[in-house]
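1. this one's structure only:
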C-alpha cells in the first residue's frame, strides 16, 4: 500500500494538507495531536454543499464567538485568534470534503486559502496550526 498523495495548499510550511483520509486515519491524527497537547477538532463536511454551511459547521465545531459574521474575513479573524480554546496549538481535521469539492469547489478553494492564511499567522507567532482536509 502506497502512502496517500498530499498537496500543499500554500507555499512555505505544509500547514494545510489535502490528503486521503479514512475515519481511522482521522482518529489517529486526533489521538496524536491530543497526546502532544494540541487542540484537535474534527469537522464533518459530509453533505456540505455551500459556503454558508461550511462556515456554520466550522463555527459550531470551534465554538466561534457570537460576533462571528459568517463570511471569509470573519473566518480568518476567528481562526487567527482561537483564544477561547485551549492547547499548545491547533489541528483541524476536515472530514468528508468530497461533496463540497463536487458541489462548491470555489468555496472550498477559498476556505483552503483562508486556512493557509490563518496558519501563516500562527506560524509568525511560533505556534502550530495544522489543517488536514479529506480529499
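-> Sure thing, it's come through. Everything numeric in this text was worked out from a predicted model, so none of it was measured. Numbers count the residues shown, from 1 in each chain.
2. which residues touch stretch 44-61?
-> Surrounding stretch 44-61, the residues in contact under the criterion Cβ atoms under 8 Å, 6 or more residues apart in numbering are 41-43, 64, 68, 70-71, 75, 78, 94-97, 99-100, 103-104, 107-108, 110-111, 134. Glycine gets a C-beta too; all of them are placed from N, C-alpha and C.
3. hmm, which of these are the buried ones?
-> When burial is judged by neighbour count using 16 or more other Cβ atoms under 10 Å, the buried members of these are 41-43, 64, 68, 75, 78, 94-97, 100, 104, 107-108, 111, 134.
4. Mark which of those are part of helices, please.
-> Mapping those onto helices (DSSP state H) picks out 75, 78, 100, 107, 108, 111.
5. And the strands in this protein, which stretches?
-> Under the criterion DSSP state E, the chain contains strands at 7-8, 16-19, 39-44, 90-95, 129-134.
6. Distance check, residue 75 against residue 113.
-> Computed as Cβ to Cβ, to the nearest Å, the residue 75 to residue 113 distance reads 11 Å.
7. Residue 34 too?
-> When Cβ to Cβ is applied, the distance between residue 34 and residue 113 equals 27 Å.
8. okay, now residue 92: neighbour count?
-> A total of 23 residues lie near residue 92 under the criterion other Cβ atoms under 10 Å.
9. So what's the residue count around the residue nearest to it when sequence neighbours are not counted?
-> Taking Cβ to Cβ, 6 or more residues apart in numbering as the measure, residue 92 lies nearest to residue 131, with 4.6 Å between them; neighbours along the chain are not counted. Other residues within reach of residue 131 by the criterion other Cβ under 10 Å amount to 22.
10. from what I can see residue 131 touches residue 18, true?
-> No. Residue 131 lies out of contact with residue 18 (Cβ atoms under 8 Å); the separation is 9.2 Å.
11. still on that earlier bit, save the strands of the chain as CSV, and put in mean pLDDT too.
-> Below are the strands of the chain laid out as CSV (pLDDT from 0 to 100):
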stretch, mean pLDDT
strand 7-8, 42
strand 16-19, 88
strand 39-44, 97
strand 90-95, 96
strand 129-134, 93
